[in-house]
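Peer 1: What follows is a predicted protein model with its sequence.
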Amino acid sequence: MVFGDGTHAVFLKFNAGNTENNKLIENIIPLKATSITIATSKTIPSVDVPASGFFRGESLTVALDLGMASKNITVNGFILEDTIVKNFTSDVSNQKSNTFTAIEIAQLIHSAVDSTGWAEHQAISELIILYDSKVGNDYIQRSATTIPFTYSARGGPNELDNTRVYKPSTFPENQYSQGLIGFIRSFNTTIDSTTIDISFDLQFEVAEVFPSGAGKITDLIESLEG
């Protein structure tokens, strides 16, 4: 997979995010991913109905769908020397572009996992996985467009896939749309003296995290109130 900056398809974004004119360039860490596992687990309380087998000839289980699910992504790959662009202000001219060694990039991510979301230039709050899409938000066929993987459905409020959904999240329009918001649950690296690269596996959990540069508590309350 080669999208985004022409070399990578998977990115980690710091809480500080990017300036409007430099998306997928600054305040991100590009990853050389070799495999991605996306796991979605539905959470539905269920109970077996007593004596249901006597009347139906088969037992019955009832469940209550409360709209809960856990979403976890595992990324495996390797780290090589690479360029990372940081900007600690809103001025594009203040970009700091540096070439980091593989171990420096690994250390940067480990440090991010160890930090708190309050440290917006240190913590990571977004995982971007780019892929080709040929069906737009309006269900109209289109030329292949690169978008990030999300759990959003197609359609506006109460239409298409979002029928009976009155405040849906926005389906991605292009590669600069928001990816998966959450936190890195774990990050493991293997340093081998016989290679110049560092292999890694990363566990990312989709969630609204507070404090975080990616969102505010008021935003969460408003989304829950609809």
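Peer 2: Ah, there it is. Numbering: from 1, shown residues only.
Peer 1: now the strands for the protein?
Peer 2: Under the criterion DSSP state E, strands of the chain are mapped to 10-14, 28-43, 46-49, 60-63, 68-79, 82-86, 96-100, 124-135, 141-148, 180-191, 198-206.
Peer 1: Ok, which of the ones you listed comes nearest Phe171?
Peer 2: strand 141-148 (8.3 Å; CB to CB). Backbone N, C-alpha and C define where each C-beta goes, glycine included.
Peer 1: what sits up against the closest one?
Peer 2: Strand 141-148 is contacted from outside by 3-4, 128-136, 172-175, 177-180, using CB atoms under 8 Å, 6 or more residues apart in numbering.
Peer 1: Go ahead and confirm Val165 touches Asn158.
Peer 2: Yes - the criterion here is CB atoms under 8 Å, and Val165 meets it with Asn158 at 6.7 Å.
Peer 1: Please say which of the two ends up with more neighbours.
Peer 2: A side-by-side neighbour count of Val165 and Asn158, using other CB atoms under 10 Å, places Val165 first with 16 against 12.
Peer 1: which non-adjacent residue is nearest the spatially most central residue of the chain?
Peer 2: Residue closest to the average C-alpha location in the chain (CA atoms, centre = their mean): Leu180, at 2.3 Å. Closest residue to Leu180 in three dimensions, ignoring its sequence neighbours and counting by CB to CB, 6 or more residues apart in numbering: Leu127, at 4.6 Å.
Peer 1: hmm, back to that, and Val113, which of the strands of the chain is closest to it?
Peer 2: Set against Val113 and scored by CB to CB, the strands of the chain come closest in strand 180-191, at 4.8 Å.
Peer 1: Of all the residues in stretch 26-43, which ones are buried?
Peer 2: Buried positions in stretch 26-43, judged by neighbour count with 16 or more other CB atoms under 10 Å: 26-31, 33, 36.
Peer 1: Nearest to His8 among these?
Peer 2: Pro30 (3.9 Å).
Peer 1: Not including adjacent chain positions, what is the nearest residue to the closest one?
Peer 2: Nearest to Pro30 is His8, by CB to CB, 6+ apart, at 3.9 Å.
Peer 1: Same question for Tyr166.
Peer 2: In this structure, Tyr166 finds its nearest non-sequential neighbour in Pro157, 5.2 Å apart by CB to CB, 6+ apart.
Peer 1: for that neighbour, what are its contacts?
Peer 2: Here Pro157 is in contact with 165-168 (CB under 8 Å, 6+ apart).
Peer 1: Tell me who's in contact with the closest residue to Thr190 other than its chain neighbours.
Peer 2: Spatial nearest neighbour of Thr190, excluding adjacent residues (CB to CB, 6+ apart): Ser199 at 4.7 Å. Ser199 makes contact with 76-79, 189-190, 192, according to CB under 8 Å, 6+ apart.
Peer 1: Next, count neighbours for the nearest residue to Ser133 once chain neighbours are set aside.
Peer 2: Excluding the flanking residues, the one nearest Ser133 by CB to CB, 6+ apart is Ile147, at 4.8 Å. Using other CB under 10 Å, Ile147 is surrounded by 24 other residues.
Peer 1: could you measure Thr195 against Asn188, distance?
Peer 2: Distance of Thr195 to Asn188, computed by CB to CB, to the nearest Å: 16 Å.
Peer 1: Hmm, I typed the wrong one, I wanted Phe88.
Peer 2: 29 Å.
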